[in-house]
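Participant: Pasting a predicted model and its sequence here:
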There are 2 protein chains.
Amino acid sequence: MGTTQLESVPEPKYWHLRTVLSEALDSEFSVGEILPNERDLAARFGVARATLRQALEQLELEGRLQRRRGVGTTVAPPRVGVAVGTEQHAWPGAPEDAWQPVDSAMEVPPAAVAAALETGSDDTVHTVRRSRTSHGQLVATELLYIPAASVPDLTAIDAPSGAARARAVLREVQHLPLEGQDRAVELGSARADDARDLDRLPGSPVLVVTTRFFAQGRTAALSVATYRADTCRLTFGDSPGVEIHHTPEQRAS
Amino acid sequence: MGTTQLESVPEPKYWHLRTVLSEALDSEFSVGEILPNERDLAARFGVARATLRQALEQLELEGRLQRRRGVGTTVAPPRVGVAVGTEQHAWPGAPEDAWQPVDSAMEVPPAAVAAALETGSDDTVHTVRRSRTSHGQLVATELLYIPAASVPDLTAIDAPSGAARARAVLREVQHLPLEGQDRAVELGSARADDARDLDRLPGSPVLVVTTRFFAQGRTAALSVATYRADTCRLTFGDSPGVEIHHTPEQRAS
């Protein structure tokens, strides 16, 4: 099927090069190996530097290459499956939660968040910043927005600052009966602060997971989580380890 | 919180420009409007063309801009929520399925798929190609892999070719008792044939959703679905309409 269709498609040069490079990665390079520099690669494949760069970008999008400052371009290990949908119907901070609290404050949320939480556009809400580690690497950062109405018994004494404050807010929100939650996944670009935490350049592609937590007939909390798109595969369902990653053979089907 | 942290981060020029451009999009442009050409934009913001292009790429990743051949760069409408996780535990082709069968064949699957399906590396399996439309636009393409063992009673007479064959294969697979399914979402780049169907350039960022269907104690079918990352937000859970998209205010938090 593929071949016939492909023939009718004018294939851009960078796309063809991507396929050739992908095969070379399989046959000549191993995970972690540093690629030759752009000039040498362009010469070897007889293409312009701009074409080469486009092909390298494709392979980076697919998680096959990593570009790291000061190191160069290396062959990436297979992506890590990170379970997103397993702790259905649990508040952030419940037992088994994979996230680590980092910080907490009172802030005026972005307009879209205020609308979802039905708070006034100038009202502050509790924010909790958390991070998530998988296989020893920071893979995601999260900003949780929790309106004061969702944690009515929180006191300043219980919640002084930093991670302790974050834990106190999360402890309080557990008291609400959770009625449900939903999630959306979309492509985004890393904000400067997230990029720093995730060891990426600002603007790098990320997977943004927005989760709404419902209680008392309204959205009682909202989470915006930013996952590294280069190294993570988000898994949903009972068995988190979907092991099909997009190897070049699969892409070439 | 954001401000203090940001100050300690060396902010690249393109990232600063992205923020400025994003604010300009809000205040001066409406959805569908065509942006001035790159030369004029670079002059207006006093930056090099390369910096401008990087900033435009960020905004494209975030779904705020669309680049279309022959049209130019336009202001994108908000992303469309596409429900991915609602038909839990139903075979492809079950009632309520949002996908339309397009074609079907017998093919040797990619090695990673063969491994997941536990078929021999040279064994052919049924492939079913489907497409998905949302709000009148093609938003995703899918390739389903179904081993012959999952549809033992399928006959050549029942399944001649094209969409009719696709429907026959899907009808047959319904006979197996579905024991569960899981999903993974990751970033990918559009293959040439998918790119053509989705009206994108080959290599454009896409969201790849891999679903495994379990029956008779094994993976009885595997789906690789490719969603446009520019226009789609994948939703999971009971209420598919998570309306938080990443508006510039939210990004600027």
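Facilitator: It's in.

Participant: Can you name the residue of the stretch 51-200 of chain A nearest to chain B?
Facilitator: A:Asp182 (3.0 Å; CB to the nearest CB). C-betas here are computed from N, CA, C, even on glycine.

Participant: which stretches of the stretch 101-250 of chain A form strands?
Facilitator: Here the stretch 101-250 of chain A has its strands, by DSSP state E, counting those that start in this stretch, at A:125-134, A:137-146, A:180-189, A:205-215, A:218-228, A:232-237.

Participant: Save the ones you listed as JSON lines, and put in mean neighbour count and distance to A:Arg167 too.
Facilitator: Shown next, in JSON lines, are these (neighbours: other CB atoms under 10 Å in any protein chain shown; distance: least, CB to CB, whole Å):
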{"stretch": "strand A:125-134", "mean neighbour count": "21", "distance to A:Arg167": "9"}
{"stretch": "strand A:137-146", "mean neighbour count": "22", "distance to A:Arg167": "12"}
{"stretch": "strand A:180-189", "mean neighbour count": "24", "distance to A:Arg167": "21"}
{"stretch": "strand A:205-215", "mean neighbour count": "23", "distance to A:Arg167": "17"}
{"stretch": "strand A:218-228", "mean neighbour count": "24", "distance to A:Arg167": "15"}
{"stretch": "strand A:232-237", "mean neighbour count": "25", "distance to A:Arg167": "25"}
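
Participant: if we can go back for a sec, relative to B:Gly136, how far out is the residue of the stretch 51-200 of chain A closest to chain B?
Facilitator: From A:Asp182 over to B:Gly136 the distance is 24 Å, taken as CB to CB, to the nearest Å.

Participant: From A:Val209, how far out is the most centrally placed residue in chain A?
Facilitator: In chain A, the centroid-proximal residue (CA atoms, centre = their mean) is A:Tyr227; its distance is 1.3 Å. To A:Val209, A:Tyr227 is 7 Å away according to CB to CB.

Participant: Quickly list what's touching both of these two.
Facilitator: A:Leu234 (CB atoms under 8 Å, 6 or more residues apart in numbering or on different chains).

Participant: hang on, A:Ser22 packs against A:Leu56?
Facilitator: No. Using CB atoms under 8 Å, A:Ser22 is not in contact with A:Leu56; the gap is 10.9 Å.

Participant: which stretches of chain A have low pLDDT?
Facilitator: A:1-10, A:86-88, A:238-253 (pLDDT under 70).

Participant: the domain parsing of it - what is it?
Facilitator: Listed by automatic domain parsing, the domain ranges of chain A are A:9-75, A:80-235.

Participant: re the thing from before, pull the contacting residues for the residue nearest to the centre of chain A.
Facilitator: A:82, A:139-140, A:206-209, A:234.

Participant: Of those, which ones also sit close to chain B?
Facilitator: A:207-208, A:234 (CB under 8 Å from any CB of the partner chain).

Participant: picking up where we left off before, can you redo the strands of the stretch 101-250 of chain A as CSV with distance to A:Leu41?
Facilitator: CSV is the format used below for the strands of the stretch 101-250 of chain A (distance: least, CB to CB, whole Å):
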stretch, distance to A:Leu41
strand A:125-134, 31
strand A:137-146, 27
strand A:180-189, 26
strand A:205-215, 22
strand A:218-228, 25
strand A:232-237, 27
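
Participant: And the ones you listed: which comes nearest B:Ala111?
Facilitator: strand A:232-237 (17.7 Å; CB to CB).

Participant: Centre of the chain to the closest one, how far?
Facilitator: Distance, stretch centre to chain centre, for strand A:232-237: 10 Å (CA atoms, centre = their mean, to the nearest Å).

Participant: Touching that strand from outside, list them.
Facilitator: Contacts for strand A:232-237 (CB under 8 Å, 6+ apart): A:79-86, A:134, A:139-140, A:185, A:207, A:209, A:227, A:241-242, A:245, B:85, B:180-186, B:236.

Participant: try it again with 7 Å
Facilitator: A:79-85, A:139, A:185, A:207, A:209, A:227, A:242, A:245, B:85, B:181-186, B:236 (CB atoms under 7 Å, 6 or more residues apart in numbering or on different chains).

Participant: Quick check: neighbours of it in the sheet, parallel or antiparallel?
Facilitator: strand A:80-83 (parallel), strand B:180-189 (antiparallel) (DSSP bridges).

Participant: Same list, those, but as JSON lines with distance to A:Arg44 please.
Facilitator: Shown next, in JSON lines, are the strands paired with strand A:232-237 (distance: least, CB to CB, whole Å):
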{"stretch": "strand A:80-83", "distance to A:Arg44": "31"}
{"stretch": "strand B:180-189", "distance to A:Arg44": "22"}
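
Participant: which one of those strands lies closest to B:Ile34?
Facilitator: Here strand B:180-189 is closest among the strands paired with strand A:232-237 (CB to CB), at 26.0 Å.

Participant: Which helix runs longest in chain A?
Facilitator: helix A:13-28 (DSSP state H).

Participant: who touches that helix?
Facilitator: So helix A:13-28 is contacted by A:45, A:47, A:51-52, A:54-55, A:58-59, A:64, A:75, A:248, A:251-252, B:192, B:202-203 (CB under 7 Å, 6+ apart).

Participant: who touches A:Ala148 in this structure?
Facilitator: Residues in contact with A:Ala148 (CB under 7 Å, 6+ apart) are A:125-126.

Participant: how does it look with 8 Å?
Facilitator: With CB under 8 Å, 6+ apart, A:Ala148 has these contacts: A:123-126, A:154.

Participant: Could I get the CA-only coordinates of stretch A:101-113 as PDB?
Facilitator: Extracted in PDB, the C-alpha atoms of stretch A:101-113 (Å, rounded to 0.1, in the frame of the first residue of the first chain):
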ATOM      1  CA  PRO A 101       6.100  18.600  45.600                       C
ATOM      2  CA  VAL A 102       8.600  21.400  45.000                       C
ATOM      3  CA  ASP A 103       7.000  24.700  45.900                       C
ATOM      4  CA  SER A 104       3.700  26.500  46.600                       C
ATOM      5  CA  ALA A 105       2.400  30.000  46.500                       C
ATOM      6  CA  MET A 106      -0.700  32.200  46.100                       C
ATOM      7  CA  GLU A 107      -1.000  33.600  42.600                       C
ATOM      8  CA  VAL A 108      -3.500  35.100  40.100                       C
ATOM      9  CA  PRO A 109      -3.900  32.300  37.600                       C
ATOM     10  CA  PRO A 110      -3.900  32.800  33.800                       C
ATOM     11  CA  ALA A 111      -7.300  33.900  32.400                       C
ATOM     12  CA  ALA A 112      -8.100  30.500  30.900                       C
ATOM     13  CA  VAL A 113      -7.400  28.700  34.200                       C
END
